[in-house]
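Enquirer: 3D model of this:
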Amino acid sequence: MEKKQAVKTGITFGSCLAMVISYTTWHSVGWAIFHGLLSWAYVAYFVLRY
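Expert: This is a model prediction of the structure:
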């Protein structure tokens, strides 16, 4: 059961991180929501790109 909780927390953290990065970069709530849905994919893209 702890494994499921860890995965759920990780996904939530990834979404939050993506939204914060997106909002501070683009200053747009719409983009922040979209990038939050992409979660870790956007975080990885941002790290590799910038």
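Enquirer: Do you know the pLDDT at the residue nearest to the spatial centre of the chain?
Expert: When CA atoms, centre = their mean is applied to the chain, the residue found nearest the centroid is residue 18 (2.5 Å). On the pLDDT scale, residue 18 is placed at 96.
Enquirer: and what of residue 50?
Expert: 89.
Enquirer: wouldn't residue 32 be in contact with residue 25 here?
Expert: No - Residue 32 lies out of contact with residue 25 (CB atoms under 8 Å); the separation is 9.3 Å. Yep, even glycine has a C-beta here, placed from its N, CA and C like the rest.
Enquirer: ok, these two, which is more surrounded?
Expert: Neighbours were counted for residue 32 and for residue 25 using other CB atoms under 10 Å; residue 32 has more, 19 against 13.
Enquirer: Please compute how far the helix or strand hosting the more buried one lies from its chain's middle.
Expert: For residue 32, the host element (DSSP states H and E) is helix 29-38. Put simply, helix 29-38 sits 8 Å off its chain's centre (CA atoms, centre = their mean, to the nearest Å).
Enquirer: What are the buried residues along that helix?
Expert: Residues of helix 29-38 classed as buried: 32, 35-36, 38 (neighbour count, 16 or more other CB atoms under 10 Å).
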